[in-house]
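K.L.:
Pasting a predicted model and its sequence here:
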Amino acid sequence: VFGDVKAETAGQVSENWEQLKLKEKDGNKTVLSGVPAALPSLIKAYRIQDKARNVGFDWEEREQVWDKVKEEIQEFQAEVAHMDKEKAEAEFGDVMFSLINAARLYKINPDNALERTNQKFISRFNYVEAHSIKEGKNLHDMTLEEMDKLWDEAKALEKERKQTR
């Protein structure tokens, strides 16, 4: 497939593949043009970063990503403090993009990770709701502290279940 091109690592194979696709007559004209515009934003960010990595645009050491994450969080906090919604939204996108990059570098699927958290939240919130009903209380009438107590109970039960498996 690669002709005379040598590749000793999987990374080199990916880089060679990207270069080959760029050279194809009817292939992608740019590195990122192969990322479908219709992808969900989270998956698209992962693919964009992976494509950039394939041509060598990546951190030398994956630990370096944490400085970028911290920088983006600080920039987001600054815009929130200024109450500039448009700039805050842009900075929040940068925070998410940098966290997705961290996930990629640590071989974590960010979509799976987020869905796992969604399911965990749903489970815990359902526990809070069910136990508020058992206590004869309406969620609207409960204090945050009362709901937090039930939330902590839900977390403790999850932990127990995991330990008994």
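P.N.:
All right, it came through fine.

K.L.:
Could I get the full set of strands for the chain?
P.N.:
In the chain, no strands are defined using DSSP state E.

K.L.:
What residue spans form the domains of it?
P.N.:
Following automatic domain parsing, one finds the domains of the chain at 1-58, 59-108, 113-164.

K.L.:
Just name the most buried of those.
P.N.:
domain 59-108 (a mean of 15; mean count of other Cβ atoms under 10 Å). From N, CA and C alone the C-beta is placed, and that goes for glycine too.

K.L.:
Would you format the domains of the chain as JSON lines with mean pLDDT included?
P.N.:
Formatted as JSON lines, those follow (pLDDT from 0 to 100):
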{"stretch": "domain 1-58", "mean pLDDT": "75"}
{"stretch": "domain 59-108", "mean pLDDT": "96"}
{"stretch": "domain 113-164", "mean pLDDT": "94"}
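
K.L.:
shouldn't Arg104 be in contact with Arg47?
P.N.:
No: the pair Arg104 and Arg47 fails to qualify as a contact (Cβ atoms under 8 Å) at a distance of 9.5 Å.

K.L.:
Quick check, Leu32 in contact with Asp50.
P.N.:
No: using Cβ under 8 Å, Leu32 is not in contact with Asp50, being 10.4 Å away.

K.L.:
residues touching Leu157, list them.
P.N.:
If a contact means Cβ atoms under 8 Å, 6 or more residues apart in numbering, then Leu157 has Tyr127 as its contacts.

K.L.:
please redo it, this time with the cut-off set to 10 Å
P.N.:
Going by Cβ atoms under 10 Å, 6 or more residues apart in numbering, Leu157 touches Ser123, Arg124, Tyr127.

K.L.:
What is the nearest of these to Glu91?
P.N.:
When these are ranked by distance to Glu91 (Cβ to Cβ), Arg124 comes first, at 28.8 Å.
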